[in-house]
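**Student:** Compute the structure for the input listed below.
(2 chains)
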Amino acid sequence: MPEAIVVGSGAKGDGRVSVTVGVAPEVEVTTADPRLFERGIREVVDETLAKLGRIRAKVQVADEGALDYVLAARLEAAVRSALPKSRPIAPPVERRPSLADAPRRSRLYAPGNHPRVLAGIELHDADVVLLDLEDSVPPAEKAAARVLVKHLLAAIDFPNEVWVRVNALADGGEADVREVLLGRPHGIALPKAESADDVRALARLLDEVEGEMGRASRTTWIMPIVETACGVLHADEIAGADPRVVVVALGAEDFTRDVGARRTPEALLFARSMVVIAAKAAGVQASDTVYARVDDEDGLAAEAELARDLGFDGKGAIHPTQIAVIHEAFSPDEQEMEQARKIVAAAQEAEARGLGAIAIEGRMIDRPVLERARRTLQFADRLATRRKP
Amino acid sequence: MKNAVGREIPATLGRRPVEPFRGAFATARTGRKAARPQKSCRPGENKVLPSLDAALEATGLQSGMTVSFHHAFREGDRVINQVMDACARKGLRDLRLFSTALFGTHAKLVDHIKSGVISRIEGSMNGPVGDFISQGGKLREPAILRSHGGRWRAIESGDVKIDVAFVAAAQADPYGNANGIHGRTPCGPITFCTVDAQYADRTVVVTNELAPYPAHPFEIQQGWTDYVVVVDEVGDPAQIASGTLEMTKSPARLRIARLAADAVKASPYFRDGMSFQGGAGGISLAATMYLSEEMERAGVVGSFVMGGGTRVMVDMLRKGLVRVILDGQAFDPVAVASLREDPAHVIMDAGIYANYDSRACATYMLDAAFLGATEVDLDFNVNVNTHSDGRLLHGIGGHQDVASGAKMTLITVPSIRGRLPVILDRVTTVTTPGEVVDAIVTERGIAVNPRREDLKAHFLAAGLPVRELAAMKAEADGLVRPLGKPVFGDEVVAAIEWRDGTVIDVVRKVEAWE
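**Tutor:** So this is what the prediction gives:
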């Protein structure tokens, strides 16, 4: 008797899809209300099988309220596991590329194999949604997760950026990249980056895969995540390793474990400063670690303010409710905006009058201060003109 | 004939002629209220009877009559089943069951329907009894669903004459004063049925705790009560929460709650003295919590909140964020305890709450309300009664009453539940018409009723994601293939009354699927 391959789970919003090849083809569907849902589920199954190359197989779907793209992903993962030679589905994707310095105040982690949590993940105003294939996905689910993330990327129109955190390249990360690039994320986050070579290896892989896909070269950004003692020491070479790198993130949970520190602001100060300074020296953004206590809004606000004061451009979030707090810390407030407008106006006036020096209320304004004011206004403008949901 | 929301309504329901819904406030009743028979009493009379069977004997309950109940014990109720079993034992048939609501615990009533003990039902049906009814052909006449206020009106007006009212009480004295907040198994207010107790030909208080005279507060008054019966068990207060009171953890649902609270904050109603209705359901509970945080931050003190009493409301009262809780039913044990401890946690009956044919409704004093739905449609109509497969699974509760009273009614719903889109071209059943719904809040944004351009301007000014309902519908529809559609036959299994007694929609039996 040929073996059935089963992918997916019985969790709400998911579905368990079982595929058996080498037997008479048929489709069996169980769902909460067959009269409402069965026809639609069969359509998804038939279309997905056709895209995979007219597969002949017995397919059993146990639906738990899964969206179409979830069912398609479960079925594709099962078929490819049963028939390892079958080619991945390359769904049509339209996604606007993002700017190297797009606002990245928040990066919202989302577990890559958890359909119920992923449903609506684009709706929380996060500057970056980071679909995770690494720590939040158990080893046995890695293959299914990368297929699910690809289908999610293709199905959902993200209002801001969407990135994917892959596994270490030698440990499934290459397969992750090859799969999820079909969904055209804005960038790939590389965990546990420890050297420029780590980053360059990913960059070369992106060159290769993008080339195969016929895309204009170098459209996928890289976010190295520094989360080991070695990574922190090499933050400068990591940040400057490749033009694809637009932001460097710090991961404190792994870092503190690696060095045997407690997770206190003092213990993280050196790593934070190192990451910020390395990123800024390379001309890219820096993003702070996540704050794990979801219910502690005050603690999150304090940590976000500390990160901002150190020079970070954003911070990780593990729950959507953290985003508003993080955005508040990393957005210019009305007072900063007013001051920036004054400085830029004074500079324009000075230029018009042919003056070399800029002064406001008798106080001289240095060039770096002017540059910073311009960046503040540009940042606010980027936020304001960004597409609304 | 078609009514004002475009629904085809039959001319009669059983023997009763039907008045079609004409608009939220289109009718005005004249004439006099119904009344119960006169009866006097003498000093020393004993009202306590040894059993429910004795009470059935004493009240003269006969086949074909109407018995009424309240649902304050919700899933924990033990009285309705006991009384209906006693009726069956006595050989009564063809009874009309007129409970404020039925729950999953009343599933065994299906047997009494099948055997003919119960032949008509009027009242909310949550779960199995409604499911059974929607399969059709089981009751002599279509079931009738009413809102809390609509039910009160139907009794007062004489539309429904109750022969015997059975009032479950957590505590009662031998003279018939009764309440729901004391005793060993307190459930919260039992005041939804004070109208039953006053208008029924006979009123029987059923309690598990007989207290010395006088038991108080007088939710049910001695002068209304004919008999008192002591039973082992009236209900399990642990089950009044019925699972609808878990604070939601779903990010999408929390976002809906956040947007709803932000919408209230952005509205002109967010000010000292504001009032709002929370309610059960995870989203509503979270929205109430978020709003209370905003009130605390802004230093705003509300005049009153209502809805089922919850621990979130009690917190607000104790923090001084609101002056009064008006409470018609308790949704958790914290609220029940607070009714005993907090003088400003006030018991309210359904007449004070929402009686259409009355000189006042507390719901008309509401600024804002968070209400749920099973479906909404592009005309802002709301369905809370049926599912998209045509099954009747929920009562109206106070939905119509609150929506038509509050200055700003927000329907808080996910745009999709599993594979089930919630925003439709036309709702399966109209419970509450779009004319009294101000905005629909989903995780995708806030759709404002075109009648409320003023609110839309406030929301936009606050930077809230104001969206077209059709655009949110298109996004949700894009995630799943179209659903199978039930084809409804002619047989009407239930009618949805508007709060004034007109019929806003009927539920028909599903004949086929396409």
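**Student:** Can you pull out the low-pLDDT segments for the chain?
**Tutor:** No chain in the question, so chain A it is. In the predicted model, chain A carries pLDDT under 70 at residues A:1, A:215-218, A:387-389.
**Student:** not quite, I wanted chain B
**Tutor:** For chain B, residues meeting the criterion pLDDT under 70 lie at B:242-247.
**Student:** near chain A, which residues of it?
**Tutor:** Residues of chain B lying close to chain A by Cβ under 8 Å from any Cβ of the partner chain are B:250-252, B:254-255, B:258, B:388-389, B:416-420, B:443-445, B:465, B:467, B:479-484, B:486, B:513. (Each C-beta comes from the backbone N, C-alpha and C, glycine too.)
**Student:** Would you write a PyMOL line that selects the buried entries of those residues?
**Tutor:** Buried residues among these (16 or more other Cβ atoms under 10 Å in any protein chain shown), as a PyMOL selection:
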select buried, chain B and resi 250+251+252+254+255+258+388+389+416+417+418+419+420+443+444+445+465+467+479+480+481+483+484+486
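**Student:** Filter the residues of chain B next to chain A down to the ones in strands?
**Tutor:** Among those, the ones falling in strands (DSSP state E) are B:I416, B:R417, B:L420, B:G445, B:P486, B:W513.
**Student:** OK, contacts around the fourth one?
**Tutor:** For B:G445, the contacting residues are A:P389, B:L259, B:L464, B:P465, B:V466, B:R467, B:M472, taking Cβ atoms under 8 Å, 6 or more residues apart in numbering or on different chains as the criterion.
**Student:** switch the cut-off to 10 Å
**Tutor:** If you count contacts by Cβ atoms under 10 Å, 6 or more residues apart in numbering or on different chains, B:G445 has them with A:123, A:388-389, B:255-256, B:259, B:415, B:459, B:464-469, B:471-472, B:475.
**Student:** Derive a ChimeraX selection command for the buried subset of those.
**Tutor:** Listed next is the ChimeraX selection for buried residues among the contacts of B:G445, using 16+ other Cβ under 10 Å:
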select /A:123,389 /B:255,256,259,415,459,464,465,466,467,469,472,475
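**Student:** Next step: the contacts of B:G445 restricted to helices.
**Tutor:** Among the contacts of B:G445, the members found in helices (DSSP state H) are B:R255, B:I256, B:L259, B:F459, B:L469, B:A471, B:M472, B:E475.
**Student:** Quick one: residues contacting the residue lying closest to the third one once chain neighbours are set aside.
**Tutor:** In other words, B:L259. Distances taken as Cβ to Cβ, 6 or more residues apart in numbering or on different chains place B:V441 nearest to B:L259, at 5.1 Å, with adjacent residues excluded. Listed by Cβ under 10 Å, 6+ apart, the contact partners of B:V441 are B:255-263, B:283, B:287, B:370, B:410-413, B:447-448, B:464-465.
**Student:** Try it again at 6 Å.
**Tutor:** B:I256, B:L259, B:A260, B:L410, B:T412 (Cβ atoms under 6 Å, 6 or more residues apart in numbering or on different chains).
**Student:** Tell me how many other residues surround the fourth one.
**Tutor:** Pointing back at B:L410 there. Residues lying near B:L410 (other Cβ atoms under 10 Å in any protein chain shown) number 29.
**Student:** so which helix or strand takes in it?
**Tutor:** Assigned by DSSP states H and E, B:L410 falls within strand B:408-412.
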